[in-house]
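Colleague: Curious how this folds, go ahead:
(one chain, ligands or ions: 1)
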Amino acid sequence: MNKQKFSLKKRIHSFRYAIEGLVAFFKEEHNARIHLVASCIVLSTGFFLKISQMEWIAILFAISIVFITELINTSIERVADYISPEFHPKIKLIKDLAAGAVLVAALFAILVGSLVFIPHFW
Ligand SMILES: Nc1ncnc2c1ncn2[C@@H]1O[C@H](COP(=O)(O)OP(=O)(O)OP(=O)(O)O)[C@@H](O)[C@H]1O
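Modeller: Numbering: from 1, shown residues only. Have a look, this model is predicted:
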């Protein structure tokens, strides 16, 4: 357990570091920009079709889960590259597992998007 006294200043710094992480993510990662563009298209479609509150919850959950897995995947890739810049079969498995998480999230998002939007076009 962390026995340090609560410090509001430290909490604000932690928040700032998290924002710096997000800025680096969108600046440096091509996948992040692809997710951002896809999210903007999905959000605009949601507004255009006037989807319900429950549909918004499903869409926002799907978008968030894709960004969260991509952020964790990027973080794992960076650690892996730092530890082992050369090819290593264990690093391959670690990176492939992390990429698998993003794939599951993306498939989930496609499923949610289809379930929400397709009925609006009927
Ligand atoms: N050091 C390594 N050792 C073994 N295999 C690796 C290594 N680096 C990458 N790989 C393999 O190449 C794949 C792609 O790795 P990379 O880090 O380029 O991911 P990416 O998703 O293409 O990243 P980016 O975010 O740069 O597009 C990994 O999933 C893994 O199979």
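
Colleague: Now do the helix ranked longest in the chain: distance to the chain's middle.
Modeller: Ranked by residue count under DSSP state H, the longest helix found in the chain is helix 53-83. In this view, helix 53-83 has its centroid 2 Å away from the chain centroid, taken as CA atoms, centre = their mean, to the nearest Å.

Colleague: Stretch 114-122 too?
Modeller: Remark: stretch 114-122 is offset 24 Å from the chain centroid, using CA atoms, centre = their mean.

Colleague: before we move on, back to that, and the average pLDDT for the following helix or strand past the longest helix of the chain is what?
Modeller: Scanning the chain past helix 53-83 towards its C-terminal end, the next helix or strand to appear is helix 89-117 (assignment: DSSP states H and E). Throughout helix 89-117, pLDDT has a mean value of 98.

Colleague: roughly how far apart are the most centrally placed residue in the chain and residue 104?
Modeller: Central residue check for the chain by CA atoms, centre = their mean: the C-alpha nearest the mean position is that of residue 67, 1.1 Å away. Plainly put, residue 67 is 14 Å away from residue 104 if you go by CB to CB, to the nearest Å. From N, CA and C alone the C-beta is placed, and that goes for glycine too.

Colleague: Name the residues of the helix or strand containing residue 32 that are buried.
Modeller: Of the helices and strands defined by DSSP H and E, residue 32 is found in helix 30-49. Burial within helix 30-49, assessed by neighbour count using 16 or more other CB atoms under 10 Å, is assigned to 32, 35, 39, 42, 46.

Colleague: The fourth one against residue 59, yeah?
Modeller: Yes: proximity of residue 42 to residue 59 meets the contact threshold set by CB atoms under 8 Å, at 6.3 Å.

Colleague: roughly how far out does the helix-or-strand element of the chain with minimal mean pLDDT sit from the chain middle?
Modeller: Least confident helix or strand of the chain, by mean pLDDT, DSSP states H and E, is helix 8-28 with a mean of 92. Between the centre of helix 8-28 and the centre of its chain there are 15 Å (CA atoms, centre = their mean).
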